[in-house]
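Enquirer: Take a look and give me a structure for this.
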Amino acid sequence: MQPNDVVVQTETGMQNSAPFRGVLIQRLSGLLLLLGGILLLGSGCQGPKTKLAKEDKPPKEAVYRPVLKKLVTDYEDFIGRTDAVASVEIRARVTGYLLTAPFKEGEDVKEKDVLFKIDDSTYQAELQKARATVSQSVARFERLEADYNRARTLLARRAISNEEADKVNGDRVEAEAAVAAAKAAQQLAEVNLKFTVIRSPINGRISRKLIDEGNLVKADDTPLTTVVALDPIYAYFDIDERTLLKLRRIFLKASGSERRIKRPSEANITVQIGLADADEKNFPLQGMLDFADNKLDPGTGTLRVRVKIANPDKFLSPGLFVRARLPVGQDRPVLMVAEAAIRSDQGKRSVYVINAANEVEERLITTGKLHGTERIVETGLKEGDKVIVTGLQAIRARDKVEPITEEEHAKLQKDKEAARLAEAAKKAEAQKGSHKE
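Expert: Down below sits the predicted model:
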């Protein structure tokens, strides 16, 4: 190639680029056609397989529970607190220095158990003085009684005047009254001496000491400790006016021709009691409604009521938070569905139901109160409907499913677990044998 040829090609390069672009476009078009063919071939081969796999896919297993009709009682839940049946604040009845407190703080005590002892030396002396005063008064009365008897004899003989006889009689009457006053003073001294030993007035659990030994306690002033009775125990809660009126109408209807609202203690109403650590479905305790106040609180529009709860193991203490479930009606038949089967979406509740063709349908329902693990269904279901209770996330409406009851599902799971354990035991035995060899 000559140097002049290079100059000519450089100057005419733009003119010679058109053929080059044509070749490049032809090659790119061929490459795109090749890729398109590959894609079509892949989709053509894969399409029938996917369709076949979809057609051959077995239906999902759906665990269901049939809708049953059961007898339930409507209820209302309230919040309350426990309180002691009896609570006593222990105070001294006499003034003196505290000597001993022979009890263990926080332990159970029985009625008449000794709780405190006050120095009784002063009261012992007062009792001795009162007894001496009684002896003195009795001796004086006996002397004046003898004088009176002689005066009566002398008066009958007219040996003394009426004035002298009246004076002797008056002295005798005064002496008799002095004897009575002295005996009363002696009795008071005995009582005061008895009060130096302070005993528990009830069976219950005692609190801590509020004052230590050696301190001065004042009569009817210094608090020493408290004792509360724990068995049974009360629970107080407030019911609203609407519930109160509903209950009274039920009581009035139940009274028949008597037309009298029964007192709570006569109505035999059992109230379920739940504790703070229990969920809303769990009410482990029961009590009897035994008191209702005589008027509503005008500030809250509620009525204070009380439940008596047996507490033999002393598990409950005064002041505990409780939930009270109060029945407010007679037993009535209702449809029940498992709470776990209910789906909620934007305030609407629904369940999945298996129809006669073993297809899944979504049913909108309206629900009522929760009873244990099941909830009342007011509308949307009928008795015998097969409601799916597990695996709701993997199921959609119009899915084809294989129905299985909860009992059958539980048995299958149990059999699978037994087979797994047997296989594991077999493998462990085989490994053990290989190690021996």
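
Enquirer: Okay, now the unreliable bits of the protein?
Expert: Counting by pLDDT under 70, the chain shows low-confidence ranges at 1-58, 254-262, 265, 279-281, 433-437.

Enquirer: Kindly list the longest strand within it.
Expert: Ranked by residue count, the top strand of the chain under DSSP state E comes out as strand 360-371.

Enquirer: Not counting its neighbours along the chain, what's nearest residue 360?
Expert: Nearest non-adjacent residue to residue 360, counting by Cβ to Cβ, 6 or more residues apart in numbering: residue 399, 4.6 Å away. Heads up, the C-betas are built off the backbone N, CA and C, glycines and all.

Enquirer: Over to residue 343?
Expert: residue 350 (5.1 Å).

Enquirer: follow-up on the earlier one: what pairs with the helix or strand that the longest strand of the chain is followed by, and is each one parallel or antiparallel?
Expert: Scanning forward in sequence from strand 360-371 by DSSP states H and E, the next helix or strand is strand 374-379. Pairing partners of strand 374-379, with direction, according to DSSP bridges: strand 332-338 (antiparallel), strand 360-371 (antiparallel).

Enquirer: ok, residues contacting strand 374-379?
Expert: By Cβ atoms under 8 Å, 6 or more residues apart in numbering, the residues outside strand 374-379 that reach it are 67, 70, 72, 334-339, 342, 365-370.

Enquirer: just checking, what packs against the helix or strand hosting residue 430?
Expert: If you go by DSSP H and E, residue 430 is part of helix 406-436. Counting contacts by 3 or more Cβ pairs under 8 Å, 6 or more residues apart in numbering; DSSP states H and E, helix 406-436 packs against strand 60-66.

Enquirer: repeat that with 10 Å
Expert: Secondary-structure packing of helix 406-436 (3 or more Cβ pairs under 10 Å, 6 or more residues apart in numbering; DSSP states H and E): strand 60-66, strand 401-405.

Enquirer: Kindly present those as JSON lines, with separate columns for mean neighbour count and distance to residue 313.
Expert: Shown next, in JSON lines, are these (neighbours: other Cβ atoms under 10 Å; distance: least, Cβ to Cβ, whole Å):
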{"stretch": "strand 60-66", "mean neighbour count": "18", "distance to residue 313": "36"}
{"stretch": "strand 401-405", "mean neighbour count": "15", "distance to residue 313": "40"}
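
Enquirer: Residue 127: which of the ones you listed is closest?
Expert: strand 60-66 (79.8 Å; Cβ to Cβ).

Enquirer: Show me the strands in the stretch 51-200 of the chain, by range?
Expert: Under the criterion DSSP state E, counting those that start in this stretch, the stretch 51-200 of the chain contains strands at 60-66, 68-72, 75-84, 87-91, 96-100, 108-109, 114-118, 197-199.

Enquirer: For the longest strand of the chain, buried residues please.
Expert: 360, 363, 365, 367, 371 (16 or more other Cβ atoms under 10 Å).

Enquirer: Roughly how far does the third one sit from residue 413?
Expert: In other words, residue 365. Taking Cβ to Cβ, to the nearest Å as the measure, residue 365 falls 28 Å from residue 413.

Enquirer: cool, and the second one?
Expert: Residue 363 sits 27 Å away from residue 413, taking Cβ to Cβ as the criterion.

Enquirer: Same question for the first one.
Expert: Note on residue 360: its distance to residue 413, by Cβ to Cβ, is 22 Å.

Enquirer: hang on, isn't residue 309 packed against residue 288?
Expert: Yes - if you go by Cβ atoms under 10 Å, residue 309 and residue 288 touch, sitting 8.3 Å apart.

Enquirer: So residue 270 sits against residue 324, correct?
Expert: No - the criterion here is Cβ under 10 Å, and residue 270 misses it with residue 324 at 11.1 Å.

Enquirer: what is in contact with the two at once?
Expert: Applying Cβ atoms under 10 Å, 6 or more residues apart in numbering, one finds that residue 270 and residue 324 are jointly contacted by 287, 289, 307.

Enquirer: closest to residue 250 among the buried residues of strand 360-371?
Expert: So of these, ranked by how close each gets to residue 250 (Cβ to Cβ), first place is residue 371, at 19.0 Å.

Enquirer: do you know how far the residue nearest to the closest one when sequence neighbours are not counted is from residue 286?
Expert: The spatial neighbour of residue 371 that comes closest, neighbours along the chain excluded (Cβ to Cβ, 6+ apart), is residue 72 at 5.4 Å. Shown here: residue 72 relative to residue 286, a distance of 17 Å by Cβ to Cβ.

Enquirer: Equivalent analysis for residue 89, please.
Expert: 31 Å.

Enquirer: With residue 249 instead?
Expert: From residue 249 to residue 286 the distance is 24 Å (Cβ to Cβ).

Enquirer: Likewise for residue 276?
Expert: Counting by Cβ to Cβ, the gap from residue 276 to residue 286 is 17 Å.

Enquirer: Residue 390 now?
Expert: Applying Cβ to Cβ to residue 390 and residue 286 gives a distance of 32 Å.

Enquirer: What of residue 403?
Expert: 39 Å.
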